[in-house]
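Undergrad: I would like the atomic coordinates for the input below:
(chains A, B and C)
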Amino acid sequence: MSVLVVLELLGVFVFALSGASLAVEKQLDLFGVLVLAAVTALGGGLLRDVLLGDTPPVVLRESRYLVVALVAGISVFLGAAQLEHIAAPVRVFDAAGLGLFVATGTAKALQAGLGAVPAITLGCLTGIGGGIARDVLVGVVPVVLRRELYAVPAVLGAAVVTLGDGVGAPGAATAAVAAVVVFTIRVLGVWRDWHFPVARR
Amino acid sequence: MSVLVVLELLGVFVFALSGASLAVEKQLDLFGVLVLAAVTALGGGLLRDVLLGDTPPVVLRESRYLVVALVAGISVFLGAAQLEHIAAPVRVFDAAGLGLFVATGTAKALQAGLGAVPAITLGCLTGIGGGIARDVLVGVVPVVLRRELYAVPAVLGAAVVTLGDGVGAPGAATAAVAAVVVFTIRVLGVWRDWHFPVARR
Amino acid sequence: MSVLVVLELLGVFVFALSGASLAVEKQLDLFGVLVLAAVTALGGGLLRDVLLGDTPPVVLRESRYLVVALVAGISVFLGAAQLEHIAAPVRVFDAAGLGLFVATGTAKALQAGLGAVPAITLGCLTGIGGGIARDVLVGVVPVVLRRELYAVPAVLGAAVVTLGDGVGAPGAATAAVAAVVVFTIRVLGVWRDWHFPVARR
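TA: Below is the predicted model of the structure:
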């Protein structure tokens, strides 16, 4: 397995942790925990591939994504009492997963011939689509739409990939820079508690 | 740009206004406002194209749809305090957008070879799918399922297109008639406060 | 029509009954009742086909699925007061529909070349996806994620199909066995009020 695949599976794992944690908090049963783990981890990539017409989606073509997500879900279910002890590292890996998903999602959309704005949109959707589906499934207005600087790093990262593509920079290097940008801003945002504005009415 | 495209973009714009307004009301942040604007305006067409296998969906292939939706979202965010002053014209344009989306959605479904009932269904979905997604994202039971005569004009308009197709009438003329039918009934429904029945239990 | 199609349409009918009943309970209007009937009955198969790239989905290519779902929705709307009298038979047919949908969904996923874990996942999604969409549309956390042994029979049934496929057993026989397994466990689960565990925190 390449470094990229390892990083990707790590991203899937921590995204699944976040879905499973919310499911435990909302008192879903074991099946609900597994569904929320899988939806959170794979929902963004699944949506991306369906919209690009690349079906069955990569996360279904290769079993490892689902397996990793389910393992994360079972781990959370069994170790639910210990969840708060891993909150900090999970946040860091989550930022890494976000960076990776946004970078690869944007790159794939550009390869499919989409323009800049749709490609950035699809890249962000790859990174945050799973979290939106997770929240909707338990009746919560998606956290990413309400507060926390979660979307801003995603948009910037997707813009870096699109810009790099526009000037002909090598794809792998641009994607790496973009992922680091997303990761850094996201971690800074959590650390400094940055928020996005809400409209005055 | 043809007249049709201008009308379509106007429809996208007002649908986006409605999504962004709800987002402001629900105190979403700027990113949430943009997402709701885009989902409301483009969700129906996106769903239609995914179901017909026409991917990437038209609203992603051409950047202008997303750009118009985002501009509408930013406008609402910046001018949130003035929103009530434009409520009446927005309702009129919304009815026009509904008519247009239903007519083109039904026509596209028929072209793809679907039967009458599925084509009418897909046409309605094109017109109201974005609004349903908008409401679900902020935890509201979709308004179109509960009250207001929003769906009836959609169904009738889609039926007109299907009927016209069945008797071999020219597509553009039928679509225009259908859009006018939807628009008229919708505006009448709002004006006279028509409602659809709820079952007695 | 083959026996399979008749059974399938019966499954569609009872799934639609469950969607329409919830819609009536939630005081949706006639249009909302029809939408919930169709979404519950056809949502799982629709999602399956979109994910497998088989578009337009079978449930739209053939009008009969939609027609049967709409007839069920209208019946519930008109006879809402009598609904409790048919609760028991509906539960039995619902279990049959679940078995059938899971078995055919898993088989189709395997035919499309998916591995065991994704095929089982897609088979379950075919059986329970419509019910999840139904609950999300009316703002309820999906019942299948919370309690009741609804998912366990689905997973086991999908596993039977996958196992049968792995050892080269004839598809029709395996699917029949799987459907019976799902049906039996589901009916037993309702009868004995079996539940799935919730994590201790």
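Undergrad: just checking, what packs against whichever strand or helix holds A:Pro89?
TA: Using DSSP states H and E, the element containing A:Pro89 is helix A:87-111. Judged by 3 or more C-beta pairs under 8 Å, 6 or more residues apart in numbering or on different chains; DSSP states H and E, helix A:87-111 is in contact with helix A:3-25, helix A:30-52, helix A:116-137, helix A:151-166, helix A:171-192. Every residue, glycine included, has its C-beta placed from N, CA and C.
Undergrad: got CSV for those, with mean neighbour count, distance to chain B and mean pLDDT too?
TA: Formatted as CSV, the helices and strands packed on helix A:87-111 follow (neighbours: other C-beta atoms under 10 Å in any protein chain shown; distance: least, C-beta to the nearest C-beta, whole Å; pLDDT from 0 to 100):
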stretch, mean neighbour count, distance to chain B, mean pLDDT
helix A:3-25, 22, 15, 88
helix A:30-52, 26, 6, 96
helix A:116-137, 25, 4, 95
helix A:151-166, 22, 4, 94
helix A:171-192, 18, 12, 89
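Undergrad: closest to C:Val136 out of those?
TA: Among the helices and strands packed on helix A:87-111, helix A:116-137 comes nearest to C:Val136, with 6.3 Å by C-beta to C-beta.
Undergrad: so that closest one versus helix B:30-52, what angle?
TA: Orientation note: helix A:116-137 sits at an angle of 90 degrees relative to helix B:30-52 (axes from the mean of the first three to the mean of the last three C-alpha atoms, to 10 degrees).
Undergrad: is there proximity between helix A:116-137 and chain C?
TA: Yes. Residues of helix A:116-137 are located near chain C by C-beta under 8 Å from any C-beta of the partner chain, namely A:Val136, A:Leu137.
Undergrad: ignoring the adjacent residues along the chain, who's closest to the residue most central in space within chain A?
TA: By C-alpha atoms, centre = their mean, chain A has its centre lying nearest to A:Gly127, at 3.5 Å. Once flanking residues are discounted, A:Gly127 sits nearest to A:Val102: 3.9 Å by C-beta to C-beta, 6 or more residues apart in numbering or on different chains.
Undergrad: show me the contacts for that neighbour.
TA: Residues near A:Val102 by C-beta atoms under 8 Å, 6 or more residues apart in numbering or on different chains: A:Gly123, A:Cys124, A:Thr126, A:Gly127, A:Pro153, A:Ala154, A:Gly157, A:Ala158, A:Val161, A:Ala178, A:Ala179, A:Val182.
Undergrad: so which residues on chain A come close to chain C?
TA: A:23-33, A:35-36, A:38, A:46, A:50, A:53, A:55-57, A:60-63, A:66-67, A:70, A:76-78, A:80-81, A:83, A:136-139.
Undergrad: do I have it right that A:Gly127 meets A:Gly105?
TA: Yes. With contact defined as C-beta atoms under 8 Å, A:Gly127 reaches A:Gly105; the gap is 6.4 Å.
Undergrad: what residues do the two have in common as contacts?
TA: With C-beta under 8 Å, 6+ apart, A:Gly127 and A:Gly105 have common neighbours A:Gly44, A:Ala158.
Undergrad: quick one on the thing from earlier: C:Asp193: which of the helices and strands packed on helix A:87-111 is closest?
TA: helix A:30-52 (16.5 Å).
Undergrad: just want the angle from that closest one to helix C:151-166.
TA: Using the same axes, to 10 degrees: helix A:30-52 against helix C:151-166 is 60 degrees.
Undergrad: elements contacting the next helix or strand after helix A:30-52?
TA: Using DSSP H and E, the helix or strand that follows helix A:30-52 in sequence is helix A:58-61. Contacts defined by 3+ C-beta pairs under 8 Å, 6+ apart place helix A:58-61 against helix A:30-52, helix A:63-78, helix C:116-137.
Undergrad: wait, which of the ones you listed is closest to A:Pro170?
TA: helix A:30-52 (22.1 Å).
Undergrad: what angle separates the closest one from helix A:63-78?
TA: Going by the same axes, to 10 degrees, helix A:30-52 makes 150 degrees with helix A:63-78.
Undergrad: show me how far helix A:30-52 is from its chain's centre.
TA: 10 Å (C-alpha atoms, centre = their mean, to the nearest Å).
Undergrad: one more: stretch A:118-133?
TA: The answer for stretch A:118-133 is 8 Å, by C-alpha atoms, centre = their mean.
Undergrad: mind saving the C-alpha coords of that stretch as CSV?
TA: Coordinates of each C-alpha in stretch A:118-133 appear next as CSV, following Å, rounded to 0.1, in the frame of the first residue of the first chain:
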residue,chain,number,x,y,z
PRO,A,118,-17.7,23.2,-9.3
ALA,A,119,-14.4,21.4,-8.6
ILE,A,120,-13.9,23.4,-5.4
THR,A,121,-17.5,22.7,-4.4
LEU,A,122,-17.0,19.0,-5.0
GLY,A,123,-13.7,18.9,-3.2
CYS,A,124,-15.4,20.5,-0.1
LEU,A,125,-18.3,18.1,-0.4
THR,A,126,-15.8,15.2,-0.3
GLY,A,127,-14.4,16.5,2.9
ILE,A,128,-17.5,17.5,4.7
GLY,A,129,-20.4,15.6,3.1
GLY,A,130,-20.0,12.6,5.4
GLY,A,131,-20.2,14.8,8.5
ILE,A,132,-23.3,16.5,7.1
ALA,A,133,-25.0,13.2,6.5
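Undergrad: which ones are touching A:Ile128?
TA: Neighbouring residues of A:Ile128 by C-beta under 8 Å, 6+ apart: A:Gly44, A:Leu98, A:Val144, A:Tyr150, A:Ala151, A:Ala154.
Undergrad: I'd guessed the fifth one sits against A:Phe196; true?
TA: It stands for A:Ala151. Yes. Using C-beta under 8 Å, A:Ala151 is in contact with A:Phe196, at 7.4 Å.
Undergrad: what sits in contact with each of the two?
TA: B:Phe31.
Undergrad: will you turn the helices and strands packed on helix A:87-111 into JSON lines that also has distance to B:Ala119?
TA: Formatted as JSON lines, the helices and strands packed on helix A:87-111 follow (distance: least, C-beta to C-beta, whole Å):
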{"stretch": "helix A:3-25", "distance to B:Ala119": "37"}
{"stretch": "helix A:30-52", "distance to B:Ala119": "22"}
{"stretch": "helix A:116-137", "distance to B:Ala119": "27"}
{"stretch": "helix A:151-166", "distance to B:Ala119": "36"}
{"stretch": "helix A:171-192", "distance to B:Ala119": "41"}
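Undergrad: nearest to C:Gln111, of these?
TA: helix A:30-52 (19.2 Å).
Undergrad: what angle sits between the closest one and helix A:87-111?
TA: Using the same axes, to 10 degrees: helix A:30-52 against helix A:87-111 is 30 degrees.
Undergrad: now helix A:30-52 against helix A:3-25, angle please.
TA: Going by the same axes, to 10 degrees, helix A:30-52 makes 130 degrees with helix A:3-25.
Undergrad: quick one, what contacts the nearest residue to A:Thr121 once chain neighbours are set aside?
TA: Spatial nearest neighbour of A:Thr121, excluding adjacent residues (C-beta to C-beta, 6+ apart): B:Leu66 at 6.0 Å. Residues near B:Leu66 by C-beta under 8 Å, 6+ apart: A:Val117, A:Pro118, A:Thr121, B:Ala38, B:Leu42, B:Val59, B:Leu60.
Undergrad: distance of the closest residue in space to the second one that isn't next to it in sequence from A:Val136?
TA: This points to A:Pro118. Spatially, and ignoring its direct neighbours in sequence, A:Pro118 is nearest to B:Leu60 (4.2 Å; C-beta to C-beta, 6+ apart). To A:Val136, B:Leu60 is 21 Å away according to C-beta to C-beta, to the nearest Å.
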